[in-house]
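A.B. asks: give me coordinates for this.
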Amino acid sequence: MGASVMDTSVMGVLALELAAGSVPATAALPQAQASSLLELLARDLGKLVPGATALELSLGAAHFDPAEVLRPGWPLHRRLDELRQRAPGREQGPRVIAFSADEQGNIPLPLVADAGLAGGQMRVLPFLLSGPAGIIDTLRDSFEEILLDRGMAGADTALLAQEAFSARIEHARYLTVHDLTAIMAMQYQNQGLQKLWPVIETALLAPDEEEWLDQPPEPLLRYAEGGVQIALLDPAAWQQRHAGQLPDDVEQLQRAYEYFQARQRQIAAVLEAHGIPVTFAYCDNRADVRESLKA
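C.D. replies: This next block holds a predicted model:
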């Protein structure tokens, strides 16, 4: 199903860059506001990319952390596509469809964001532009070229989003998922996680391939078969792997090992935020740690 979404759709997001300290009070919009926002999205995208109005537009009117979009198999967009295919009116030409909270304020499961990933400065609303493969193939490059450089949402679109979600929004812009991937790669670089990014990118774009993070002093890990194994080193194995890079002072050595363990936990949390399963493989100082991750 993941491949079919990519083949027959342009996957994108409306990215809301929040003012510092701003947290949206509303998780998902009611139908009336969702429909109003959808109309503005359709207008904006039609202006940005001529021909976009020939495609069907579907919007998930709930906001997510970018990591929830950037997961192997694109599950959020895949669920949006499943909802779209079940919606009525498929034989009546290109539709514009908003999926939103119901009249009681209940949010359907595909649009429930991970509460553990709340609080970031960027929140994203997923959308799909769907149509025949020939039209999608013709327009996909245009979306990739135009949205990253010139994809600012209209002022009234940003204002409606701000009022509807009860959040202070500094910028609202349209991105393809590949644009979002590039932005997140830069953010991870700024956060000192650039060496981990190739692992996440492989899981997203080439999930059947293998990727290693093997760059001391970073933890050792291997991505393969949809998951990541992290080498869990005891103190002796850690000292053996990092020989020549460690302090001689016992207290400093202890602090360095504790930092290494914290780094492992941080990396595991980032991978799991991207929906990549993580397991730890115990390695003592007698083991070939790379071989232990292949077992």
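A.B. asks: just to be sure, Gln239 is in a helix?
C.D. replies: Yes: note on Gln239: a helix contains this position according to DSSP: H, G, I helix; E, B strand; the rest coil.
A.B. asks: all strands for the protein, in order.
C.D. replies: 9-18, 56-60, 96-99, 122-130, 169-176, 211-213, 221-224, 227-233, 278-283 (DSSP state E).
A.B. asks: only alpha carbons, please: show the third one as CSV.
C.D. replies: Written as CSV, here are the backbone C-alpha positions of strand 96-99 (Å, rounded to 0.1, in the frame of the first residue of the first chain):
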residue,chain,number,x,y,z
VAL,A,96,-11.7,18.0,-2.0
ILE,A,97,-12.1,16.1,1.3
ALA,A,98,-11.3,17.1,4.8
PHE,A,99,-11.1,14.5,7.6
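A.B. asks: so which bits of it are buried?
C.D. replies: Judged by neighbour count using 16 or more other Cβ atoms under 10 Å, the buried positions of strand 96-99 are 97-99. C-beta: built from backbone N, CA, C; applies to glycine.
A.B. asks: what of the first one?
C.D. replies: Along strand 9-18, the positions that meet the burial threshold by neighbour count (16+ other Cβ under 10 Å) are 9-16, 18.
A.B. asks: now that strand: mean pLDDT?
C.D. replies: The average pLDDT within strand 9-18 is 96.
A.B. asks: which elements pack onto that strand?
C.D. replies: helix 66-69, helix 75-86, strand 122-130, helix 133-150, helix 155-165, strand 169-176, helix 177-190 (3 or more Cβ pairs under 8 Å, 6 or more residues apart in numbering; DSSP states H and E).
A.B. asks: among those, which comes closest to Ala273?
C.D. replies: helix 66-69 (4.1 Å; Cβ to Cβ).
A.B. asks: the closest one: how far from the chain's middle?
C.D. replies: Relative to its chain's centre, helix 66-69 lies at 2 Å (Cα atoms, centre = their mean, to the nearest Å).
A.B. asks: just stretch 275-294 next, same as before
C.D. replies: Remark: stretch 275-294 is offset 26 Å from the chain centroid, using Cα atoms, centre = their mean.
A.B. asks: so what touches it?
C.D. replies: Stretch 275-294 is touched from outside by 67-68, 71-72, 75, 199-200, 203, 212, 214, 220-223, 226-234, 236-237, 239-241, 264, 268, 271-272, 295, with contacts defined as Cβ atoms under 8 Å, 6 or more residues apart in numbering.
A.B. asks: how about a cut-off of 6 Å?
C.D. replies: Contact with stretch 275-294 is made by 71, 203, 220, 222, 227-234, 236-237, 240, 268, 271-272, as judged by Cβ atoms under 6 Å, 6 or more residues apart in numbering.
A.B. asks: format the strands of the chain as a markdown table; extra columns: distance to Ala185.
C.D. replies: Formatted as a markdown table, the strands of the chain follow (distance: least, Cβ to Cβ, whole Å):
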| stretch | distance to Ala185 |
| --- | --- |
| strand 9-18 | 15 |
| strand 56-60 | 24 |
| strand 96-99 | 29 |
| strand 122-130 | 14 |
| strand 169-176 | 13 |
| strand 211-213 | 14 |
| strand 221-224 | 16 |
| strand 227-233 | 18 |
| strand 278-283 | 20 |
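A.B. asks: now for the residue nearest in space to the middle of the chain: which residues touch it?
C.D. replies: Nearest to the mean C-alpha position of the chain, counting by Cα atoms, centre = their mean, stands Leu70 at 2.5 Å. Neighbouring residues of Leu70 by Cβ under 6 Å, 6+ apart: His274.
A.B. asks: from Ala237, how far out is it?
C.D. replies: Separation of Leu70 from Ala237 (Cβ to Cβ, to the nearest Å) stands at 32 Å.
A.B. asks: same deal with Glu225?
C.D. replies: Taking Cβ to Cβ, one finds Glu225 at 24 Å from Ala237.
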